[in-house]
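Student: give me a 3D structure for the following:
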Amino acid sequence: MSTHSLDSAIEASHKALAKIVNGDPSGYLALYVEDEELTLGNPFGPFARGRQSVAERLSGAASNYRDGEVTSVELIAKYLSENLACVVEVENVRAKVGESEEMVPVSLRVTSTFRLERGNWKLVHRHADPITTPRPAASVIRK
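Tutor: Below you'll find the model as predicted:
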């Protein structure tokens, strides 16, 4: 997939989101750089590094979702340099999660880092977590 502009790479990541909430991890994997420098952090486990580990983590994440739809994506910030870009968003979807037959809303705060490679913006890192609202300090302290 060719992504000549950063905006088209971001749009492709939104299409990948639509795929993953329907159980298909292939969209994100296609966006990643071809080397082993890629990383992924998602709500379903620790960080993954390297193509094989990221592919496994994407497949695991996708297996948790089905019948989903993207309801909105809110751009928080976009930072761009000559060869690197960082995009901060809140992704909102509805999907059946796990064994549930009920459609539930899921919101994730997401940071995506893209690197320019041969004229194309490729994903080098993605981190998504479900924390989108304030939490009291006591709730983040681990005992």
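
Student: so what's residue 13 scoring on pLDDT?
Tutor: pLDDT recorded at residue 13 is 97.

Student: swap in residue 2?
Tutor: The model's pLDDT for residue 2 equals 39.

Student: next: residue 74.
Tutor: Per the predicted model, pLDDT is 97 at residue 74.

Student: excluding its backbone neighbours, what's nearest it?
Tutor: Closest residue in space to residue 74, ignoring its immediate chain neighbours: residue 90 at 4.4 Å, by CB to CB, 6 or more residues apart in numbering. Heads up, the C-betas are built off the backbone N, CA and C, glycines and all.

Student: for residue 40, list the residues it contacts.
Tutor: 47, 48, 53, 54, 57, 58, 125, 126, 127 (CB atoms under 8 Å, 6 or more residues apart in numbering).

Student: closest to residue 21 among those residues?
Tutor: Closest approach between the contacts of residue 40 and residue 21, by CB to CB: residue 58, at 12.5 Å.

Student: using the three-state scheme, assign the closest one.
Tutor: helix (DSSP: H, G, I helix; E, B strand; the rest coil).

Student: one more: residue 11?
Tutor: helix.

Student: tell me which stretches of this protein form helices.
Tutor: Assigned by DSSP state H, the helices in the chain fall at 6-20, 26-31, 51-62.

Student: of the ones you listed, which is nearest residue 120?
Tutor: helix 6-20 (7.6 Å).

Student: elements contacting the closest one?
Tutor: When contacts are defined as 3 or more CB pairs under 8 Å, 6 or more residues apart in numbering; DSSP states H and E, helix 6-20 packs onto helix 26-31, helix 51-62, strand 65-80, strand 84-97, strand 103-117, strand 120-129.

Student: if we use 6 Å, what do you get?
Tutor: helix 26-31, strand 65-80, strand 84-97 (3 or more CB pairs under 6 Å, 6 or more residues apart in numbering; DSSP states H and E).

Student: and it, what's buried?
Tutor: 9, 10, 12, 13, 16, 17, 19, 20 (16 or more other CB atoms under 10 Å).

Student: give me the angle between that helix and strand 103-117.
Tutor: 140 degrees (axes from the mean of the first three to the mean of the last three CA atoms, to 10 degrees).
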